[in-house]
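Q: Sharing a sequence plus its predicted fold:
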Amino acid sequence: MELSDPTAKRLTFRPGQEGYEDEVAGFQTGFAQRPDVVFAASDPEDVVAAVRYAADAGLPVGVQATGHGLPDAARGGVLISTRRMDAVAVDAGARTARVGAGARWSQVVAAAAEHGLAPLNGSAPGVGVVSYTLGGGIGILAREFGYAADHVRSVDVVTADGTLRHVTAASEPELFWGLLGGGANLGVVTALEIGLVPVARLYGGALAFDGREVDPAAVLRGYAAWAKTVPDALTSSVAALVYPDMDQLPPHLRGRYLVTVRIACTGPAEDGERLVAPLRALGPTVSDSLRELPYTESHTIHNDPDFPHSYYGDNLMLTELDLPGAERLLALTGPAADHMHVVQLNHLGGALARPVHHDNAVPHRSAAWAVRILSPLEGTDREALRELYARAFAPLAPHAVGRSVNFALAGGDRPEGVYDADTRKRLAGLKATYDPANLFRRNYNVG
């Protein structure tokens, strides 16, 4: 498993060698990843060696920690696996955490909770911290605290020239701006220093309605009206899907069409109970898990699947929610559809729309809603799903400002609308400066 100097001492894998298949496998199983060589990085020096090797050979570079995105950037080239670089260190006094490139949110949540603190993580504990944050990061506390990228203090990154840089808003302000929102296309991040927030508990959980017994459109209308009334301390989303009739699922879920409202509120439990009362009045629920909970149980609000599987998806960021259009989307993706689809509507605004102390490349801050469709790939293909998504999103498109970087990862082969024109132009300038040979090839980014 050795390459010629200067990388002969690095842990590497090539096709056909023992360990290669394990190293390229990720959470996303729908797309084969076949790099010519995998560098299994244990420290920043391994990343530097891998980037220099790729640059000398003229090979494209991809990076994988957990493999939740569309992993085709390194096809025929170099894949840098960062999963071994998963150290997490919390500075409770400074309310910060230093997080390695391979760390998952579950590790940071657990480490921060020991000090009564929390990161701005997403709904799934197995997602990698770095890729999530570089894409912006719309988390479960987003309306109160903003994007995860807004709380980054520093970035350690290896650029295409093989240089390891410690980047801050003071030291290299333009590169710092571009990494946070467009970082996967500008270098390989080896560590982040992120800010933590003083949150130790939540009022949160989910209300699930049976979409065959309660009109899904009525739930959607009620939720949309209710969302306009809540404070920034409450972040929520609604999801709709038909669960497959599988033995692996609990009996109460099998074959059911559920419309579920998910809640995370940092206020007192009594405030939370008062705020959600209008939702409970929408109709009888299949389940109601709303309660006071420690932040370490925040992943139970969404209960995202934790097993690898194949999927594809797309999304829109909207300034307004066209309710007839959203109801049409539910009709196309619900029980009448010939394939399983997960629809998610995130209520945005609040701190997500406010200016930040250190500007960054996270786009579309004017969006009030994000709407997403995610579909298993078994029994269908990308083209069929694209056609469905186009029909489902068409009524909503007049209010669209673009697409979320994070949510585009499931369908990262289509870059349209991920950035506005000004942000794209500015990122292109950074690309020309730091990676003129296009070593890093995230397809949803510039270059």
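A: Arrived safely.

Q: Is there a neighbour count for residue 55? I'd like the number.
A: 17 (other C-beta atoms under 10 Å). C-betas here are computed from N, CA, C, even on glycine.

Q: ok, now which ones touch it?
A: Contacts for residue 55 (C-beta atoms under 8 Å, 6 or more residues apart in numbering) come out as 160, 161, 162, 437, 439.

Q: rerun that using 10 Å as the cut-off
A: 61, 78, 160, 161, 162, 435, 437, 439 (C-beta atoms under 10 Å, 6 or more residues apart in numbering).

Q: With residue 263 instead?
A: Applying C-beta under 10 Å, 6+ apart, the residues near residue 263 are 140, 202-207, 230, 234-237, 272, 275-276, 279, 289-290, 301.

Q: One more pass at 7 Å, please.
A: 204, 205, 234, 236, 276, 290 (C-beta atoms under 7 Å, 6 or more residues apart in numbering).

Q: Show me which of the contacts of residue 55 is closest to residue 336.
A: Proximity of those to residue 336 (C-beta to C-beta) peaks at residue 61, which lies at 43.7 Å.

Q: The closest one touches residue 438, doesn't it?
A: No - using C-beta atoms under 7 Å, residue 61 is not in contact with residue 438; the gap is 9.8 Å.

Q: Counting neighbours, go ahead and name the busier of those two.
A: Shown here are residue 61 and residue 438; by other C-beta under 10 Å, residue 61 has more neighbours (27 against 14).

Q: Out of the contacts of residue 263, which sit inside strands?
A: Secondary structure from DSSP state E places 204, 205, 234, 236 of the contacts of residue 263 in strands.

Q: In space, what's closest to residue 28 - neighbours in sequence excluded?
A: Counting by C-beta to C-beta, 6 or more residues apart in numbering, residue 67 is the residue found nearest to residue 28 once chain neighbours are left out, at 5.4 Å.

Q: pLDDT score assigned to residue 441?
A: Residue 441 is assigned a pLDDT of 78 by the prediction.

Q: Looking at stretch 242-253 now, give me its mean pLDDT.
A: 84.

Q: buried stuff in it?
A: Going by neighbour count (16 or more other C-beta atoms under 10 Å), the buried part of stretch 242-253 is 242, 243, 253.

Q: can you list these in TSV and add secondary structure and distance to residue 112?
A: Listed next are these as TSV, based on DSSP: H, G, I helix; E, B strand; the rest coil; distance: C-beta to C-beta, whole Å:
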residue	secondary structure	distance to residue 112
242	strand	36
243	coil	33
253	coil	31
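
Q: Go through those residues and say which is closest to residue 404.
A: Nearest to residue 404 among the buried residues of stretch 242-253 is residue 242, at 23.9 Å by C-beta to C-beta.

Q: Report the beta-bridge partners for that closest one.
A: residue 257 (DSSP bridges).

Q: Where in this structure is the helix or strand with the lowest mean pLDDT?
A: helix 405-408 (a mean of 83; mean pLDDT, DSSP states H and E).

Q: Pull that one out as CSV, backbone CA atoms only.
A: Output in CSV follows, covering the C-alpha atoms of helix 405-408 (Å, rounded to 0.1, in the frame of the first residue of the first chain):
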residue,chain,number,x,y,z
VAL,A,405,-25.7,24.4,-0.1
ASN,A,406,-26.2,21.7,2.6
PHE,A,407,-29.3,20.3,1.1
ALA,A,408,-27.8,20.3,-2.3
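
Q: and it, how far out from the chain's middle?
A: 6 Å (C-alpha atoms, centre = their mean, to the nearest Å).

Q: After that helix, which helix or strand is next? Please name it.
A: Sequence order places helix 421-434 as the next helix or strand after helix 405-408, per DSSP states H and E.

Q: Export that next one to PDB, keeping only CA atoms.
A: The C-alpha trace of helix 421-434 is given here as PDB (Å, rounded to 0.1, in the frame of the first residue of the first chain):
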ATOM      1  CA  ALA A 421     -24.400  35.900  -9.000                       C
ATOM      2  CA  ASP A 422     -22.400  38.200  -6.700                       C
ATOM      3  CA  THR A 423     -21.300  35.400  -4.400                       C
ATOM      4  CA  ARG A 424     -20.500  33.100  -7.300                       C
ATOM      5  CA  LYS A 425     -18.300  35.700  -8.900                       C
ATOM      6  CA  ARG A 426     -16.500  36.400  -5.700                       C
ATOM      7  CA  LEU A 427     -15.900  32.700  -5.100                       C
ATOM      8  CA  ALA A 428     -14.600  32.300  -8.600                       C
ATOM      9  CA  GLY A 429     -12.000  35.000  -7.800                       C
ATOM     10  CA  LEU A 430     -10.900  33.000  -4.800                       C
ATOM     11  CA  LYS A 431     -10.800  29.800  -6.900                       C
ATOM     12  CA  ALA A 432      -8.600  31.500  -9.400                       C
ATOM     13  CA  THR A 433      -6.200  32.600  -6.700                       C
ATOM     14  CA  TYR A 434      -6.100  29.500  -4.500                       C
END
